Every structure is written in structure tokens, then in C-alpha cells.
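Chemist: 3D, please:
(chains A and B)
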Amino acid sequence: DVKVTQSSRYLVKRTGEKVFLECVQDMDHENMFWYRQDPGLGLRLIYFSYDVKMKEKGDIPEGYSVSREKKERFSLILESASTNQTSMYLCASTPGGGALPQYFGPGTRLTVT
Amino acid sequence: QKEVEQNSGPLSVPEGAIASLNCTYSDRVSQSFFWYRQYSGKSPELIMSIYSNGDKEDGRFTAQLNKASQYVSLLIRDSQPSDSATYLCAVKTGNNRKLIWGLGTSLAVNP
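Modeler: Below you'll find the model as predicted:
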């Protein structure tokens, strides 16, 4: 079974803090994704990576950056957290190039106060 | 703009009935179609993948794909209260690594 883990289930941070969310997958998947999910807005793609050190912006990259130094790990960074970044953050992975589905981690509920 | 549309619901069915969830997509070259289930506060979980026209059955779940009409549906037979969740439709187009997501349909199965 594919296993995707995320560093925290719940996280509370203060406005202006730098926040790191980490995601690890154990299936040697090439592609990894970061989404945020908000009521009424659905899943929105922040960034994705198709290889180590490679990344592409998704639909809402502003205020976020990412890092992929190793194939199994994909980190999302909030450079200066703001209250409008309070959300559920979901990481997903999928094998490269083909038509296979994405597999999700358990999610991190981030609250910025 | 490539889109995936679902009725938001809530769709309410009695226990034991068939629940029918529908999804339409705009891009004719879409190739891969997925249904995910998401319980409140949890992450999406893959239920079904379908790639060619017709029906695909897995236990109580049947996915139906009609590329000519650009819709994909999910039937849940013998619905159970534990099926109460939001169901997300996702579509992959061409060589794009990304999925296009619908907003989901909320299903309530009443005992």
C-alpha cells in the first residue's frame, strides 16, 4: 500500500512566523503535490514537483514556497504566515508520467492566529 | 478553462438504496477519471479509477464513463450510513501531471 505521511495533524502558528509542513512518501513516486482545501473552494493546487529539485507553480502559489531535496520528501514553506493561510493542507503523490491516481496523506490542519 | 462540475448536494438517500453521483468535465481529451471519498476532517481516499467507456464495478461501487457525453458517474448500491461523506470527482487530461477537481457532492445516507 502507498503510504504518505505528513509531519503534523494539527498546527497552530502566529502571524508572521515561518512555517514548515513536511510530506514523506514511501513508494518512490516521482510526482508530489501540495494542496489546500477550504470550505466551498475545494482542493486548490499550491505547488507540485515532478522530480528532485524540480517544481512547478500550481493555481495559488503566492505566499508559499517548496523544497524537494530528496525524492521521498516534499516540504511546503509559508515564509510569513498570515491568517488567510489558515486551512487544511494536503500532500499527495503519484508515480511519474502515467494515468495513475494521486494518493493523499492525512492532512495538516493549520491555524494562524 | 478546464472544468469539472458536480452537484454540491446534499444528496440524501435511505439506507439500502442506490446513490447516484454525477460529474461532467469540459475537456474532450481527458483520459483518466477518479472518484474519491472524503469524510469530514479527513483526507480524500481513492475509491475508483476508470479509463475507458462503460462500467467498472468494485464491490458495491460502480463507475460509469461516457466520453462522448463527457460525464462520469458513481453508483453506490445498498448504501450504508458509513457511506455518508463528500465524493470528489477528479480528471486527468493528456500528459498533464495535475488533476482537475470537482468541488464534491455531499452524500447523506439515512438509517
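
Chemist: which sections of chain B are below the confidence cut-off?
Modeler: Under the criterion pLDDT under 70, the flagged ranges of chain B are B:95.

Chemist: For it, just list every one of the strands.
Modeler: In chain B, strands defined by DSSP state E lie at B:4-6, B:11-14, B:19-25, B:30-38, B:45-50, B:54-58, B:61-66, B:71-76, B:85-93, B:100-101, B:105-110, listed in chain order.

Chemist: Give the partner strands of the shortest one in its sheet and their orientations.
Modeler: With DSSP bridges as the criterion, the sheet partners recorded for strand B:100-101 are strand B:85-93 (antiparallel).

Chemist: who touches the strand it pairs with?
Modeler: A:42-43, A:99, A:101-102, B:2, B:4, B:6, B:21, B:23, B:25, B:27, B:29-40, B:44, B:47, B:72, B:74, B:98-102, B:104-107 (C-beta atoms under 8 Å, 6 or more residues apart in numbering or on different chains). Heads up, the C-betas are built off the backbone N, CA and C, glycines and all.

Chemist: and those residues, which are buried?
Modeler: A:42-43, A:101-102, B:4, B:6, B:21, B:23, B:25, B:27, B:30, B:32-38, B:44, B:47, B:72, B:74, B:98-102, B:104-107 (16 or more other C-beta atoms under 10 Å in any protein chain shown).

Chemist: close to chain A, is stretch B:11-22?
Modeler: No. On the criterion C-beta under 8 Å from any C-beta of the partner chain, stretch B:11-22 is out of touch with chain A, staying 15.3 Å away.
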